[in-house]
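> next come a sequence and a model predicted from it.
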Amino acid sequence: MEAVAAAVCVMNAAGEIAWEQRGLCGGNASYGTGIIDAVYRMDQKMLEEGFIMKCDKRDLLLYAVTDRSWSEGTTLGAQVEEALRGGATFVQLREKKLTGEALRAEALEIRQCAGGTACRL
């Protein structure tokens, strides 16, 4: 399931790149080729920097951003649960000092905390 989610994210990013680079003469065929080209050129830096995420403005009514420096001894999961109880409609995992498996573990914990809510992550 995680591989499917990763593939969806990569294809979403590739679609955004292809759309931005389609030019004035770009039709469906050149857009499709642009997606393939974007996937081919995608590298770790592009994935780490992220892409524009388009979403409905109603999803952003209360946007919570994680920050470990404000934790005061509580877990990130507990903070997210508190934000959700307070009405958060969107949670951004933004932990610049975490990488790799530690960041992935936090993301999975937050996803579990938000399960059953309409909150976007």
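On my side now, so go ahead.

> ok, which stretches of this protein are strands?
Under the criterion DSSP state E, strands of the chain are mapped to 63-65, 90-92.

> list the buried residues in the longest helix seen in the chain.
Counting by DSSP state H, the longest helix found in the chain is helix 2-20. When burial is assessed from 16 or more other Cβ atoms under 10 Å, helix 2-20 yields the following buried residues: 10, 13-18. Using the backbone N, CA and C atoms, a C-beta is placed for each residue, glycine as well.

> which of those residues sits closest to residue 39?
residue 14 (4.7 Å; Cβ to Cβ).

> cross-check the contact I'm expecting between residue 117 and residue 84.
Yes - using Cβ atoms under 8 Å, residue 117 is in contact with residue 84, at 5.7 Å.

> who touches residue 101 in this structure?
By Cβ atoms under 8 Å, 6 or more residues apart in numbering, no residues touch residue 101.

> er, residue 76 actually
Residue 76 touches 66, 68, 95, 106, 109-110, counting by Cβ under 8 Å, 6+ apart.

> show the pLDDT at it.
For residue 76, the model assigns a pLDDT of 83.

> so it versus residue 104, what's the distance?
13 Å (Cβ to Cβ, to the nearest Å).

> what's the answer for residue 111, then?
10 Å.

> and the two? Which one has more around it.
Using other Cβ atoms under 10 Å as the criterion, residue 111 and residue 104 rank with residue 111 on top: 15 against 12.

> model confidence score at that one, please.
For residue 111, pLDDT reads 82.

> ok, residue 49 next?
pLDDT, read off for residue 49, is 66.

> if anything else comes up later, I'll come back, but that's it for now.
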